[in-house]
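A.B. asks: Following is a predicted model, sequence given first.
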Amino acid sequence: MPKKYIKAIDALQEAQKIAFAPFVFQTTVSLKNLGVFDFIFQNVAKGGVTLTEICEELSISEYGLSVLLEMAESANIVSMDERGRYELTKIGYFLNYNPMTQVNMNFTQDVCYQGLFHLEESIREGKPAGLKELGNWPTIYEGLSQLKPEIQKSWFAFDHFYSDGIFEEALKIVFRHQPKLLFDIGGNTGKFAIQCCAYNEEVNVHIFDLPGQLKVALKNTADQGFGDRVQGSEIDWLSENPQIPMGADTIWMSQFLDCFSKEEILKIFKTAVNAMDSQTELIIIETYTDRQKFDNAKFTLEATSLYFTALANGNSKMYKATELIELAEAAGLELKDDISLGEFHTLFVCKKK
């Protein structure tokens, strides 16, 4: 990226924004949770609302609301006219009403905020030092089924926001060769297995995941009436010699590989290759940092990498497509299809060399 010219006074202003970024973030969370953003927006037709009107309507002290709105105005989240009436700026509107921003904010606040304090420690140790703020597990994946409900809700909302939207499009590719047995690697809550069974009446799905998540996935698939076509096996990909059986027509890995280091991904690929024959398709879906159309998407993915560093496992990230292709080829895989899905995702279809 070429160096951009910026005046010294503007650079100093941007530096202060970074120095006080947590203050702005918590101000935003507070105004959102207190209902201030909603109330201001609901009164946009009458030209905004005053501090007094907001205080009376929402039962917030004048002092408390004033410090929040003053910070929000300086951060260009709200604006105040000469009559003292507040309105949301475009930034404020997106912070309160844009679905992606809402998911990202809840994930940051509920899952990541306290753990990110330990980021430097995580970098130095190569371990997720911030995970202790959520629970006592080696990685977050062992603890997903044990997270507090509000934290779990924000984690899964974040995860599903960046996956669910592309399932319908992906299913057309998955079933173009009519697989009879699909291995779902990292089945999460069983959402994809359920969609596969609903899409095709003949397919059977075998989920491979950690014990806690596998239990949840199998319960959810059974509750949807697919218990006879969905089975599961426990697997720990960090163990010395993880294995999956042969026999699958399709092996599915969606937003799974970003949970592992490059060395671990190579091991996963080699394990998959050992279970494949010449006809087996390995389908990989990821959100690659070098495949994003918009800077805000790339920024979101690079921030997510720091979640992996500080809380998830200490050694994984959101990868570039070039990195995953290189690892796949090193494991004995050949890229057959490279397909863009939705706004963020790329689907790779790989075959055994």
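C.D. replies: Sure thing, it's come through. Numbering: from 1, shown residues only.
A.B. asks: From residue 271, how far out is residue 244?
C.D. replies: When distance is defined by C-beta to C-beta, to the nearest Å, residue 244 is 6 Å away from residue 271. Every C-beta, even on glycine, is put in place using the N, C-alpha and C of the backbone.
A.B. asks: mind giving me the domain ranges of this protein?
C.D. replies: 8-97, 99-156, 160-292+312-352 (automatic domain parsing).
A.B. asks: Of those, which is nearest residue 305?
C.D. replies: Residue 305 lies closest to domain 160-292+312-352 among the domains of the chain, at 3.8 Å (C-beta to C-beta).
A.B. asks: Between its first and last residues, how far does the closest one reach?
C.D. replies: By C-alpha to C-alpha, to the nearest Å, the extent of domain 160-292+312-352 from end to end equals 30 Å.
A.B. asks: pLDDT averaged over it, what's the number?
C.D. replies: Across domain 160-292+312-352, the average pLDDT comes to 95.
A.B. asks: how about the strands of the stretch 1-150 of the chain, start to end?
C.D. replies: 49-50, 78-80, 85-88 (DSSP state E, counting those that start in this stretch).
A.B. asks: Listing partners with orientation, what would you give for the second one?
C.D. replies: Put plainly, it is strand 78-80. Here strand 78-80 has these sheet partners by DSSP bridges: strand 85-88 (antiparallel).
A.B. asks: residues in contact with the strand it pairs with?
C.D. replies: By C-beta atoms under 8 Å, 6 or more residues apart in numbering, the residues outside strand 85-88 that reach it are 37, 40-41, 44, 47-51, 54, 69, 73, 77-81, 96.
A.B. asks: buried subset of these?
C.D. replies: The neighbour-count criterion (16 or more other C-beta atoms under 10 Å) marks 37, 40-41, 48-49, 51, 54, 69, 77-78, 80, 96 among the contacts of strand 85-88 as buried.
A.B. asks: ok, those vs residue 24, which is closest?
C.D. replies: Among those, and counting by C-beta to C-beta, the member closest to residue 24 is residue 77, at 7.9 Å.
A.B. asks: tell me, how many neighbours does the nearest residue to the closest one once chain neighbours are set aside end up with?
C.D. replies: Nearest residue to residue 77 in three dimensions, chain neighbours excluded: residue 92, at 4.3 Å (C-beta to C-beta, 6 or more residues apart in numbering). Applying other C-beta atoms under 10 Å, we find 25 residues neighbouring residue 92.
A.B. asks: Of the domains of the chain, which is nearest residue 302?
C.D. replies: The closest of the domains of the chain to residue 302 is domain 160-292+312-352. By C-beta to C-beta, the value is 6.3 Å.
A.B. asks: list the contacts for residue 293?
C.D. replies: Per C-beta under 8 Å, 6+ apart, neighbours of residue 293: residue 343.
A.B. asks: how about the strands of the stretch 201-350 of the chain, start to end?
C.D. replies: Using DSSP E, counting those that start in this stretch, the strands of the stretch 201-350 of the chain run over 204-209, 230-234, 250-254, 281-286, 333-341, 345-352.
A.B. asks: Any chance of those strands in a markdown table with distance to residue 7 as columns?
C.D. replies: What follows is the strands of the stretch 201-350 of the chain, written out as a markdown table (distance: least, C-beta to C-beta, whole Å):
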| stretch | distance to residue 7 |
| --- | --- |
| strand 204-209 | 52 |
| strand 230-234 | 58 |
| strand 250-254 | 45 |
| strand 281-286 | 39 |
| strand 333-341 | 38 |
| strand 345-352 | 38 |
